[in-house]
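In: whatever this is, show me its structure:
(chains A and B)
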Amino acid sequence: ILNVEQSPQSLHVQEGDSTNFTCSFPSSNFYALHWYRWETAKSPEALFVMTLNGDEKKKGRISATLNTKEGYSYLYIKGSQPEDSATYLCAFYNTDKLIFGTGTRLQVFP
Amino acid sequence: EPEVTQTPSHQVTQMGQEVILRCVPISNHLYFYWYRQILGQKVEFLVSFYNNEISEKSEIFDDQFSVERPDGSNFTLKIRSTKLEDSAMYFCASSKGGLGNNEQFFGPGTRLTVL
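Out: Predicted coordinates for the structure are as follows:
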């Protein structure tokens, strides 16, 4: 059974703090890893699709790195803002399906 | 900006009844998916659909479930005889290409409550 784990489960930070969280996935038969941001009462929104070992992607203040050999990806948020409050999901791509982690719920306080 | 839409937003049904959840994917997308999230649990893959046929399905997607793309725009999920444990948020998604290197776009979800 393929398992995707995310940590921490939840995180509370002050506005302006930088933060990061982890996604662990199977290191064998890797094809792609997806990151999503999911705000309450909205749909999950794609952040990154990561495919290559050592990949580093950036969108504004959010960036992600990928290590396929050891099976983890980090998501970083620099200078967190209240609007970054959301659940961040990672998902491992395997034969036409995504296997999701439980998500990290981020709360940014003003 | 184009988006995936789903109807209804909330469906309440009695156990044993059939339900059809509807989705309109983004118009130039070729791959379509259904997921569900039972309250407090992970988002779970149900089925992927490409070129008018199922390309992958999970163990959850048993004979009670079926999908259809009846008219080139809608993508439906049918549950023939609902059970209490089918209560969940159901998400439709679509992508231009395979998820090996393409983003997936989610709809807002249909909350299904089975009584």
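In: close to chain A, is stretch B:104-114?
Out: Yes - counting by C-beta under 8 Å from any C-beta of the partner chain, contacts between stretch B:104-114 and chain A involve B:Q104, B:F105, B:F106, B:G107, B:P108, B:G109. C-beta coordinates here come from the backbone N, C-alpha and C atoms, glycine included.
In: oh, I was asking about stretch B:43-58
Out: Yes - under the criterion of C-beta under 8 Å from any C-beta, chain A is reached by stretch B:43-58 at B:V43, B:E44, B:F45, B:S48, B:Y50, B:S55, B:E56, B:S58.
In: count the neighbours of the fourth one for me.
Out: By the measure other C-beta atoms under 10 Å in any protein chain shown, the count of residues near B:S48 is 25.
In: strands paired with the top strand by length along chain A, and their directions?
Out: Secondary structure assigned by DSSP state E gives strand A:86-94 as the longest strand of chain A. According to DSSP bridges, strand A:86-94 forms sheet pairs with strand A:32-38 (antiparallel), strand A:97-100 (antiparallel), strand A:104-109 (antiparallel).
In: the ones you listed: lowest mean pLDDT?
Out: Among those, strand A:97-100 has the lowest mean pLDDT, at a mean of 92.
In: can you dump the C-alpha atoms of that one in CSV for me?
Out: The C-alpha trace of strand A:97-100 is given here as CSV (Å, rounded to 0.1, in the frame of the first residue of the first chain):
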residue,chain,number,x,y,z
LYS,A,97,-4.0,8.5,-9.8
LEU,A,98,-3.0,10.8,-7.0
ILE,A,99,-2.5,9.5,-3.5
PHE,A,100,-2.9,12.3,-1.0
